[in-house]
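Asker: everything below, folded, please.
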Amino acid sequence: MSTKSTVNKASYTRHSAQYKQESLKLAQQAEELSILKNAATYFAQQLKRGTNT
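Answerer: Now for the predicted structure:
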């Protein structure tokens, strides 16, 4: 999944393309879930107030 590399005495981890794709997909899913959570909270508040717009 990852390998250690050194450049100019600095150590860093180089991740595979598959790892990067999976990480990006998870980040996008987390963003979508956050948007849905915010929308659900907004609509729940609207229902409590009695305004349904």
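Asker: which helix or strand contains residue 12?
Answerer: Assigned by DSSP states H and E, residue 12 belongs to strand 10-15.
Asker: average pLDDT for that strand, rounded please.
Answerer: Regarding strand 10-15, the rounded mean pLDDT is 83.
Asker: also stretch 18-28?
Answerer: 96.
Asker: all strands for the chain, in order.
Answerer: 2-7, 10-15 (DSSP state E).
Asker: hang on, the earlier thing: helices or strands up against the strand holding residue 12?
Answerer: On a contact count with 3 or more CB pairs under 8 Å, 6 or more residues apart in numbering; DSSP states H and E, strand 10-15 meets strand 2-7. Every residue, glycine included, has its C-beta placed from N, CA and C.
Asker: what mean pLDDT does the strand it packs on have?
Answerer: Computed over strand 2-7, the average pLDDT equals 63.
Asker: just want the most central residue of this structure.
Answerer: For the chain, residue 27 is the residue whose C-alpha lies nearest the centre (CA atoms, centre = their mean; 2.5 Å).
Asker: do you know how far that one is from residue 10?
Answerer: 25 Å (CB to CB, to the nearest Å).
Asker: with residue 22 instead?
Answerer: 26 Å.
Asker: ok, the two, which is more surrounded?
Answerer: residue 22 (13 against 7; other CB atoms under 10 Å).
Asker: run a quick neighbour tally on residue 16.
Answerer: 11.
Asker: dihedrals phi and psi, it?
Answerer: phi -70, psi 160 (degrees, to the nearest 10).
Asker: give the burial count for residue 39, as a bare number.
Answerer: Residue 39 has 10 nearby residues by other CB under 10 Å.
Asker: quick one: it from residue 15, how far?
Answerer: Residue 39 is 33 Å from residue 15, by CB to CB.
Asker: roughly how far does residue 39 sit from residue 31?
Answerer: Distance from residue 39 to residue 31, by CB to CB: 13 Å.
Asker: quick check: neighbours of the strand holding residue 12 in the sheet, parallel or antiparallel?
Answerer: strand 2-7 (antiparallel) (DSSP bridges).
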